[in-house]
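> quick one, structure for this:
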Amino acid sequence: MENHERELIEKAVESNFELKKLYTQHLELDTKLKKLGKQSFLTAKEEAEERRLKQLKLRGVEKMLKLATT
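Next up, the predicted model:
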């Protein structure tokens, strides 16, 4: 997520419960991805989980941007 997108979402999150929930999930996914990224080797299962988390995170960003700009 780019800085201007993050700023837009952070401003809108204060007045939109659904957006706040999505942003919280986004931060949780980011934490999980960082934890996986610190590992020097990922098993096939961990790689699949990393892909799944990235997809969820991307879908969440798209939803947040849609909510923040409407």
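
> what lies in contact with the worst-scoring helix or strand of the chain on mean pLDDT?
The weakest-scoring helix or strand in the chain, judged by mean pLDDT, DSSP states H and E, is helix 3-12 (a mean of 80). Outside helix 3-12, the residues that touch it by CB atoms under 8 Å, 6 or more residues apart in numbering are 1, 19, 23, 61, 64, 65, 67, 68, 69. To be clear about C-beta, it is placed using only N, CA and C from the backbone, and glycine gets the same treatment.

> other SSEs contacting whatever helix or strand residue 23 lives in?
Using DSSP states H and E, residue 23 maps to helix 17-37. If contacts are counted by 3 or more CB pairs under 8 Å, 6 or more residues apart in numbering; DSSP states H and E, helix 17-37 sits against helix 3-12, helix 44-68.

> pull out the buried residues from it.
If you call a residue buried by 16 or more other CB atoms under 10 Å, then helix 17-37 has these buried ones: 19, 20, 22, 23, 26, 29, 33.

> show the pLDDT at the closest residue to residue 23 other than its chain neighbours.
Excluding the flanking residues, the one nearest residue 23 by CB to CB, 6 or more residues apart in numbering is residue 13, at 5.1 Å. At residue 13, the predicted lDDT confidence score is 81.

> could you double-check that residue 13 sits in contact with residue 26?
No - in this structure, residue 13 is not within contact of residue 26 by CB atoms under 8 Å, at 10.3 Å.

> circling back to that earlier point, and the angle for the least confident helix or strand of the chain with helix 44-68?
60 degrees (axes from the mean of the first three to the mean of the last three CA atoms, to 10 degrees).

> alpha carbons only: can I get helix 3-12 in CSV?
Taking Å, rounded to 0.1, in the frame of the first residue of the first chain, the C-alpha atoms of helix 3-12 are listed here in CSV:
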residue,chain,number,x,y,z
ASN,A,3,1.7,6.2,1.6
HIS,A,4,-1.1,8.4,0.1
GLU,A,5,-3.4,5.4,0.1
ARG,A,6,-2.5,4.6,3.8
GLU,A,7,-3.1,8.2,4.7
LEU,A,8,-6.5,8.2,3.0
ILE,A,9,-7.6,5.0,4.8
GLU,A,10,-6.2,6.2,8.2
LYS,A,11,-8.3,9.4,8.0
ALA,A,12,-11.5,7.5,6.9
